[in-house]
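>>> Got a sequence here, can you build the structure:
(chains A, B, C and D)
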Number of protein chains: 2
Amino acid sequence: MASVQERPFADALARLKEVGLRPTRQRLALAKLLFDKGDHHTTAEQLHAAARAADVKVSLATVYNTLHQFKDVGILREVVVEPGRSYFDTNTRPHHHFFHEDDVRLIDIPDEAVELSRLPEPPEGAEISRVEVVIRVGARR
Amino acid sequence: MASVQERPFADALARLKEVGLRPTRQRLALAKLLFDKGDHHTTAEQLHAAARAADVKVSLATVYNTLHQFKDVGILREVVVEPGRSYFDTNTRPHHHFFHEDDVRLIDIPDEAVELSRLPEPPEGAEISRVEVVIRVGARR
DNA sequence: CGGCAGTTTAGAACCTTTTTAAACTGTTGA
DNA sequence: TCAACAGTTTAAAAAGGTTCTAAACTGCCG
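Next up, the predicted model:
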């Protein structure tokens, strides 16, 4: 059974069916905007603007709902690097991020560019769900 | 010249003088609440509540101002792991964090418990300001 | 001790996100 | 095909955290 991640060119409709979300006009349009142009990061506001620009009528509330549904079914990942705003990443494969503090922008770091050769034991009764490495960068002085 | 970090038992007044912040009643009280009981993480709201509990009259706006001033002078570190809320960490030595997703809580990971044996080059023209490792954990199923 | 820059404050404003309740739309089954 | 229902969308309001404003206050220096 091929996972979603292994079939990057599956179209929006197939993708929605695969994860069990009813393919509505809004979800299809947002899925296209998100998945038809390669890995990228976006905020709710940015996606809403992109939808408007593409003449897709969607409310901001639906953008939020959809982003969270996509995250819940695993075709999107939420990245928290800034207080007060969430980024959503269409790249759900293991990888890390640069966060450019000057122009407030995320940049992917391929998984193999980071090697974690030692990790601590999780606290009693807990298990690790994800290890996130964020490298904050600024303009060179 | 000894750094602030190497003198954990310096009192609040000395600490404020050292970083060039005028030692007002509010800043002294908040500094005591923050630095007199070992490394911990707090939100603005939590610190405000702690102040009230200690009969310290401070407005929430001042708590926010003070947290940011302390961060700016380097005696506090801001940790962003949750959308919509900032944590402030009194431990400014190099270290990392567990974030317990169930009870929404940060736990320090000593620096030496994580070994990063490979790091990527920063993007053109940028330099690394900090490498943050966040290990998200949840209750074991 | 007077005066001023720096600080604090309440309250309003702001921004992102979530909720609400009503209208709408896929889908299913007759 | 279509009725009906569950799931979805929506505008608007509310929520939640943080920042701003402008007026009052307070350390501190001379």
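
>>> drop to CA atoms for contacts and neighbour counts, all remaining ones
Will do.

>>> got a list of contacts for the strand ranked longest in chain A?
If you go by DSSP state E, chain A has its longest strand at strand A:126-139. Contact partners of strand A:126-139, identified using CA atoms under 8 Å, 6 or more residues apart in numbering or on different chains, comprise A:81, A:96-102, A:122, B:122, B:125-140.

>>> what does stretch A:41-51 give?
So stretch A:41-51 is in contact with A:29-30, A:33, A:57-60, A:63-64, A:67, A:85-90, A:106, going by CA under 8 Å, 6+ apart.

>>> Check which residues of it are buried.
A:H41, A:T42, A:T43, A:A44, A:L47, A:H48, A:A50, A:A51 (16 or more other CA atoms under 10 Å in any protein chain shown).

>>> again, but for stretch A:99-116
Of the residues in stretch A:99-116, A:F99, A:H100, A:E101, A:L106, A:D108, A:I109, A:V114 count as buried by neighbour count, 16+ other CA under 10 Å.

>>> Same list, those, but as CSV with pLDDT, secondary structure and distance to DNA strand C please.
Listed next are the buried residues of stretch A:99-116 as CSV, based on pLDDT from 0 to 100; DSSP: H, G, I helix; E, B strand; the rest coil; distance: CA to the nearest atom of the strand, whole Å:
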residue, pLDDT, secondary structure, distance to DNA strand C
A:F99, 97, strand, 16
A:H100, 95, strand, 17
A:E101, 92, coil, 16
A:L106, 97, strand, 15
A:D108, 97, strand, 19
A:I109, 98, strand, 22
A:V114, 98, coil, 27
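
>>> now, among the residues you listed, which is nearest to chain B?
Checking the buried residues of stretch A:99-116 against chain B with CA to the nearest CA, the nearest one is A:V114 at 4.9 Å.

>>> In contact with the closest one, which residues?
For A:V114, the contacting residues are A:H96, B:L116, B:S117, B:R118, B:L119, B:P120, by CA under 8 Å, 6+ apart.

>>> So which of the residues you listed belong to strands?
Counting by DSSP E, the contacts of A:V114 place A:H96, B:L116, B:S117, B:R118 in strands.

>>> From the contacts of stretch A:41-51, which land in strands?
A:R85, A:S86, A:Y87, A:F88, A:D89, A:L106.

>>> What subset of these is buried?
A:S86, A:Y87, A:F88, A:D89, A:L106.

>>> what's the distance between A:A12 and DNA strand D?
13 Å (CA to the nearest atom of the strand, to the nearest Å).
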